[in-house]
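>>> got a structure for you, letters missing:
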């Protein structure tokens, strides 16, 4: 979907990744001068990108993305004048669409969207609730949109995505262990990243685990060791705590 006027109120790390992912699609993009470091970096990278104050972003855009901290959003948005017919897509987890609509009236609160850093390159999952057709038209060409039906399931997805950090840490720890035994650190990490990433891309978890379950094999022995150490229960307890908010 090309040629839209897109604006970003709040230009942090995630919003910057979204802008980078959209820059190749021919949109007219205006970003907030909030977080000058990020907005200046984007302006240096992307031809024709415009940096403006928050009202300038709203005035220049048909679709406005909100990349604000939830606690700061009411004060910032109440000072802005939105237009009827504008569509707003929020990145603010924990702020429901009714709250966004009240803050951005008379614009329409179209969707809650939770992107991840990989959206800058494409091929990333995107969680979306609300007008997911709009999200898919803008982002679906290069990414996979996961439609979430309600706030409770969005909280479950939001909690479960936190598995990324411990998974990355586990790969990093294994790479450090390899380095301690004489393996080139960069090569060891690159091997593990490719191994884990490619394996999960080409197979579901259950059949992959079955394929790796050779009795007495290295994979089985390490998995059993970690299960006996309580890793699955610790993970689920942590997810339960996150889901409670």
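Structure received. Here the structure is a predicted model, which means the values were calculated and not measured. Numbering: from 1, shown residues only.
>>> Next, give phi and psi for the nearest residue to residue 220 once chain neighbours are set aside.
Spatial nearest neighbour of residue 220, chain neighbours left out: residue 213 (5.4 Å); criterion: Cβ to Cβ, 6 or more residues apart in numbering. (Each C-beta comes from the backbone N, C-alpha and C, glycine too.) Dihedral pair for residue 213: phi -100, psi 30, per degrees, to the nearest 10.
>>> so how far is residue 138 from residue 213?
Going from residue 213 to residue 138 by Cβ to Cβ, to the nearest Å gives 42 Å.
>>> which of those two has more neighbours?
More crowded of residue 213 and residue 138, by other Cβ atoms under 10 Å: residue 138, with 26 against 12.
>>> Am I right that that one is in contact with residue 22?
Yes: under the criterion of Cβ atoms under 8 Å, residue 138 makes contact with residue 22 at 7.3 Å.
>>> Give me the common contacts of these two.
Contact criterion Cβ atoms under 8 Å, 6 or more residues apart in numbering; residues shared by residue 138 and residue 22: residue 6.
>>> so how many other residues sit close to residue 152?
That count, for residue 152 with other Cβ under 10 Å as the rule, works out to 9.
>>> Just the element for it, please.
helix 151-160 (DSSP states H and E).
>>> Going by neighbour count, which residues in the worst-scoring helix or strand of the chain on mean pLDDT are buried?
Between all helices and strands in the chain, the lowest mean by mean pLDDT, DSSP states H and E belongs to helix 36-45, at a mean of 91. By 16 or more other Cβ atoms under 10 Å, the buried positions in helix 36-45 come out as 38-39, 42.
>>> which residues touch it?
11-13, 15-16, 19-20, 23, 31-33, 49, 51.
>>> Would you mind giving the buried residues of helix 36-45 as TSV with distance to residue 124 added?
Output for the buried residues of helix 36-45, formatted as TSV (distance: Cβ to Cβ, whole Å):
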residue	distance to residue 124
38	19
39	22
42	18
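>>> from those, which single one is nearest residue 238?
residue 38 (30.3 Å; Cβ to Cβ).
>>> Specify the local secondary structure of residue 172.
helix (DSSP: H, G, I helix; E, B strand; the rest coil).
>>> what are the ranges of the strands in the chain?
5-9, 28-32, 50-52, 63-66, 87-90, 108-114, 125-130, 144-147 (DSSP state E).
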